[in-house]
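1. Predicted coordinates and the sequence they were generated for:
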Amino acid sequence: MDYLSIESLQVSYVQDNQITPALKNFSLSLPFGSIGVIIGPSGCGKSTLLNVLAGLNQIYQGTVLINGKSPKECCATALILQEYGLLPWKTVWDNVRLGLQIRGFSKKETVLRTEKILNKLGLLYLRKRYPAQLSGGQQQRIAIARSLVLEPELLLMDEPFSSLDALTREEMQDFLLELWHETNLTILLISHNIEEAVFLGQKIFVMSECPGTIIKELSNPLAGDYSARGKVEFLEITNSLRSSLRGLN
Amino acid sequence: MNQRDLIQKSFYTLTAVVILIAFWYLLSLILNTPALPTPLAAFKSFFELFTSELMSHLTISFYRVGVSLVIATVLGVPLGLFLGKNKRADEFSAPLIYMTYPVPKVVFLPIFLILLGIGNLSKIVLITLIIFYLILVTTRDAARNLPKEYVVSVKSLSANELELYQHVYFPACLPAILTSLRLGLGIAMSVLFLVETYATQEGIGYFIMNSWSSLSYDKMFAGIIAMGLMGFLLYLLLDACEKVLCSWVHL
Ligand SMILES: Nc1ncnc2c1ncn2[C@@H]1O[C@H](COP(=O)(O)OP(=O)(O)OP(=O)(O)O)[C@@H](O)[C@H]1O
Ligand SMILES: [Mg+2]
């Protein structure tokens, strides 16, 4: 049984009194504990998809099941955005504990869990700072900490590393992989970067232009392999992805 | 704020005061009219009258402005946040706000005096009304322009509407709210003066006008000094609030 299964999903927006579909006939499935990466042209409905999975958009047609439950019932998902995820008016500490606070955890439990996750990620020393006092990579780590503190099963990431410089981005990819090895998270990540997709994704999905649907699905044996970045197979896969993305234009 | 900043700030403030007084002194020498007494005469009168007369007038004026600012904030901020958050309500109310906002509310003073009497109520209502609009419009615009991502990220932590206001909209708009309060304070002081010159025998505005009509210019300027100080102190108070509540803006 797949942990995440989406079948014939259709999501539409109403704009200027016109109904335009953003996702159409979209199907995807992801086994428990794996990393899936979605790659596709700008505006093809990737963020729309994550909004549905995160339970933020409840108006859709088709079936979306997370561990057999609808996104609304399933509270084990966490969403991480490219930017603006952290609230600039809260310290690192307050940002990380926000989710616990909102879900009504006791004060003691909140402190305990917040401290534990920050400690685990080696970020406790940043707790008194505000997001503006952090580097881009640190901000994303905190954003991840804020999600993980809720002990989610499914981590949704919307272009999480695209505003980082190349080096920091690779660092963050390694960081994410390490985390994933330690936990049994299922991760669905959106990326604009083909190398990132091949490095992280055990399953890679290529989306069409809007209205988005999956036009190609790849199982990628090289995912998580640190030495893969130089291998011939790595190039083959990136090239095949590149050509299917090119074919769209 | 550390000690060095404090010393520096006090020094700048002192310099400003000295320049102001020097300018005033020069002007009084040049004009050489009883209508503009020297700073010395005015300050002398200020200290002589402070406990006997000024204090009671100041208290009542302070009360009028303070209550107005509080009520305007309590009404304007939630409504502004609500309109900024809810597009429908915003679109519905915008024409109403735009049509009534530019109308100078002071023209309603006579009506308020008739309807609400010549006591504090009419004065407070008028000042409140004027500040309310300012706070409403500023808060609404700040809430409107809030990046959607903040809301989405907190919503995804399964926050309800109230928690969105608490953790996102209110703190995000607080700097704008405090700025509008500071602007509002300046306006409130002018309106205060105006309302206190009609049908009342209390308040610093009355004191100034009364001294003027009895040609005691030293007294009149003592009143002006008192009014200036009151505004300055309120301003400092708002400034301190900003420093404490919005420290994240100044990083
Ligand atoms: N709130 C909205 N109202 C109307 N149309 C929308 C709305 N949000 C998105 N759309 C449209 O739906 C389509 C998909 O948007 P979405 O944000 O999901 O794209 P995306 O794949 O995430 O793009 P990007 O890679 O640029 O982030 C786009 O054509 C967009 O114009
Ligand atoms: Mg997007």
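-> Arrived safely. Ligands and ions are numbered 1, 2, ... in the order given.

2. ok, for B:G66, nearest residue in space, not its chain neighbours?
-> Using Cβ to Cβ, 6 or more residues apart in numbering or on different chains and skipping residues adjacent in sequence, the residue nearest B:G66 is B:L234, 7.9 Å away. (Each C-beta comes from the backbone N, C-alpha and C, glycine too.)

3. Which residue lies closest in space to A:T183, excluding its sequence neighbours?
-> Spatial nearest neighbour of A:T183, chain neighbours left out: A:L148 (7.8 Å); criterion: Cβ to Cβ, 6+ apart.

4. What's the local residue count around the one you found?
-> Residues contacting A:L148 under the criterion other Cβ atoms under 10 Å in any protein chain shown number 22.

5. picking that back up, how near is the residue nearest to B:G66 to B:C241?
-> Noted for B:L234: a distance of 11 Å to B:C241, by Cβ to Cβ, to the nearest Å.

6. Can you tell me the SS state at A:S227?
-> Using DSSP: H, G, I helix; E, B strand; the rest coil, the three-state assignment for A:S227 comes out as helix.

7. more neighbours, B:L234 and B:C241?
-> Neighbours per residue (other Cβ under 10 Å) separate B:L234 from B:C241, with B:L234 holding more: 20 against 14.

8. ok, now which ones touch that one?
-> B:L234 makes contact with B:V65, B:G66, B:L185, according to Cβ atoms under 8 Å, 6 or more residues apart in numbering or on different chains.

9. mind checking pLDDT for it?
-> Listed pLDDT for B:L234 reads 93.

10. Return the distance of it relative to B:P110.
-> Distance of B:L234 to B:P110, computed by Cβ to Cβ: 28 Å.

11. Could you check how far whatever residue of the stretch 101-250 of chain B ends up closest to ligand 1 is from B:K87?
-> As assessed by Cβ to the nearest ligand atom, ligand 1 sits closest to B:K148 within the stretch 101-250 of chain B, at 8.7 Å. For B:K148, the distance to B:K87 (Cβ to Cβ) stands at 12 Å.

12. so when I look at the residue nearest to B:G66, I'm seeing a strand, right?
-> No - counting by three-state DSSP, B:L234 is not part of a strand but helix.

13. Look up how far B:I71 lies from it.
-> In terms of Cβ to Cβ, B:L234 sits 15 Å off from B:I71.

14. what does B:L6 give?
-> If you go by Cβ to Cβ, the gap between B:L6 and B:I71 works out to 33 Å.

15. and these two? which has more neighbours close in?
-> Shown here are B:L6 and B:I71; by other Cβ under 10 Å, B:I71 has more neighbours (17 against 10).

16. So that one lies in a helix, does it not?
-> Yes - counting by three-state DSSP, B:I71 falls inside a helix.

17. secondary structure element for the residue lying closest to it once chain neighbours are set aside?
-> Leaving aside its sequence neighbours, B:I71 sits nearest to B:T128 (Cβ to Cβ, 6+ apart; 4.9 Å). B:T128 is located in helix B:120-144, with elements delineated by DSSP states H and E.

18. average pLDDT across that helix?
-> Per-residue pLDDT over helix B:120-144 has a mean of 95.

19. Just the buried residues of the helix or strand following that helix, please?
-> Under the assignment DSSP H and E, the closest C-terminal helix or strand after helix B:120-144 is helix B:148-155. Judged by neighbour count using 16 or more other Cβ atoms under 10 Å in any protein chain shown, the buried positions of helix B:148-155 are B:Y150, B:V151, B:V152, B:S153, B:V154, B:K155.

20. Among those residues, which ones lie close to chain A?
-> Residues of the buried residues of helix B:148-155 in contact with chain A (Cβ under 8 Å from any Cβ of the partner chain): B:Y150, B:V152, B:S153, B:V154, B:K155.

21. need these in a markdown table with pLDDT, can you?
-> Listed next are these as a markdown table, based on pLDDT from 0 to 100:
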| residue | pLDDT |
| --- | --- |
| B:Y150 | 93 |
| B:V152 | 91 |
| B:S153 | 90 |
| B:V154 | 93 |
| B:K155 | 90 |
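
22. How much space separates the residue of the stretch 101-250 of chain B closest to ligand 1 from chain A?
-> B:K148 sits at a distance of 8 Å from chain A (criterion: Cβ to the nearest Cβ, to the nearest Å).

23. need the contact list for A:L100.
-> Taking Cβ under 8 Å, 6+ apart, we find A:L100 in contact with A:E109, A:T110, A:R113, A:T114, A:V149, A:L150.

24. Helix or strand: which one has it?
-> Counting by DSSP H and E, the element that carries A:L100 is helix A:92-102.

25. what angle do that helix and helix B:148-155 make?
-> With axes from the mean of the first three to the mean of the last three Cα atoms, to 10 degrees defining the directions, helix A:92-102 sits at 50 degrees from helix B:148-155.

26. buried set for helix A:92-102?
-> Residues A:V92, A:W93, A:D94, A:N95, A:V96, A:R97, A:L98, A:G99, A:L100, A:Q101, A:I102 are the ones in helix A:92-102 that count as buried (16+ other Cβ under 10 Å).

27. And for the fifth one, nearest residue in space, chain neighbours not counted?
-> Right, the one you point to is A:V96. A:V96's closest residue in space is A:R146 (Cβ to Cβ, 6+ apart), at 4.8 Å.

28. Check the gap between the one you found and B:S156 for me.
-> With Cβ to Cβ as the criterion, A:R146 and B:S156 are 10 Å apart.

29. more neighbours, those two?
-> Between A:R146 and B:S156, counted using other Cβ under 10 Å, A:R146 has the larger neighbour count: 26 against 23.

30. would you put the C-alpha positions of whatever helix or strand that one lives in in CSV?
-> Using DSSP H and E, A:R146 falls within helix A:136-148. What follows is helix A:136-148 as a C-alpha-only set of coordinates in CSV (Å, rounded to 0.1, in the frame of the first residue of the first chain):
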residue,chain,number,x,y,z
GLY,A,136,19.6,31.6,4.3
GLY,A,137,20.7,28.1,5.1
GLN,A,138,20.2,28.6,8.8
GLN,A,139,16.7,29.9,8.2
GLN,A,140,15.8,26.8,6.2
ARG,A,141,17.2,24.6,8.9
ILE,A,142,15.0,26.4,11.4
ALA,A,143,12.0,26.0,9.1
ILE,A,144,12.7,22.3,9.0
ALA,A,145,13.1,22.2,12.7
ARG,A,146,9.7,23.9,13.1
SER,A,147,8.1,21.2,11.0
LEU,A,148,9.9,18.3,12.6
